[in-house]
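**Student:** Here is a sequence with its predicted model. Questions after.
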Amino acid sequence: MDPLRIGVLTVSDACSRGEREDASGSVVEEWCRREGHELARRATVPDRTDAIVAILLRWADREEVDVILTTGGTGFGPRDVTPEATRAVLDRLAPGITEVVRRRGEAATPYALLSRGLAGSRGRVFLANLPGSPGGVRDGLQVLGPVIRHLSALLTDSTTRHRQS
């Protein structure tokens, strides 16, 4: 089984200025190693819609990755614009995924319900917004981990257990 090519985009003013370590992106990077996925792209951008959209479009439209996971910018703060930027590039939404991510996070903190993250696809690439906290990222990866290969196979029209050629 080929490794999935994962792109990690951390959305954080402080991380993009080098004022804070990208702990959430590092959680995704470690998960990639543990699960046998390739960390194909990793970047940090400020909380600006234009910066987020530019990278999401480049990575997805050039098919540089199979999956894009963003961290940060999903709350209700005035600079939390990751969901809006993501919605601008998605072809199809996958609300069930984000519903389960929020429910999983609720076990750790009631604030998980305040996440406005989205998930969906653009062409053959799956995108999901994860919270900015390392714990929220871990919760999201627990939800995505068991289905991510199957989801990627569906997007590329590959044979799956549910689709026989």
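**Tutor:** Arrived safely, thanks for sending.
**Student:** how many neighbours does Glu63 have?
**Tutor:** The number of residues packed near Glu63 is 12, by other Cβ atoms under 10 Å. Yep, even glycine has a C-beta here, placed from its N, CA and C like the rest.
**Student:** switch to numbering from 26
**Tutor:** OK, 26 is where the count begins now, so the last one is Glu88.
**Student:** how far away is it from Arg149?
**Tutor:** 6 Å (Cβ to Cβ, to the nearest Å).
**Student:** Same question for Glu109.
**Tutor:** Distance, Glu109 to Arg149, by Cβ to Cβ: 23 Å.
**Student:** To which secondary structure element type does the spatially most central residue of the chain belong?
**Tutor:** Residue closest to the average C-alpha location in the chain (Cα atoms, centre = their mean): Leu94, at 2.0 Å. Assigned by DSSP: H, G, I helix; E, B strand; the rest coil, the conformation of Leu94 is strand.
**Student:** partners of it in the sheet?
**Tutor:** Leu94 has the following beta-bridge partners by DSSP bridges: Val33, Ala153.
**Student:** Val53 versus that one, what's the distance?
**Tutor:** 6 Å.
**Student:** mind listing what Glu88 touches?
**Tutor:** Applying Cβ atoms under 8 Å, 6 or more residues apart in numbering to Glu88 gives the contacts Gly148, Arg149, Val150.
**Student:** How about Ile122?
**Tutor:** Residues in contact with Ile122 (Cβ under 8 Å, 6+ apart) are Ala144, Ala153, Val168, Leu169.
**Student:** What ranges in the protein fall below the confidence cut-off?
**Tutor:** 184-190 (pLDDT under 70).
**Student:** can you pull out the helices in it?
**Tutor:** Along the chain, counting by DSSP state H, helices occupy 38-41, 48-60, 74-86, 107-114, 120-131, 159-169, 173-180.
**Student:** Now do the fourth one: distance to the chain's middle.
**Tutor:** It stands for helix 107-114. Put simply, helix 107-114 sits 12 Å off its chain's centre (Cα atoms, centre = their mean, to the nearest Å).
**Student:** Which positions within that helix qualify as buried?
**Tutor:** Across helix 107-114, burial judged by 16 or more other Cβ atoms under 10 Å covers Thr107, Pro108, Ala110, Thr111, Val114.
**Student:** Likewise for stretch 117-134?
**Tutor:** Ala119, Ile122, Thr123, Val125, Val126, Arg127, Arg129, Gly130.
**Student:** With stretch 147-163 instead?
**Tutor:** Applying a neighbour-count criterion of 16+ other Cβ under 10 Å, one finds 147, 150-158, 161-163 buried in stretch 147-163.
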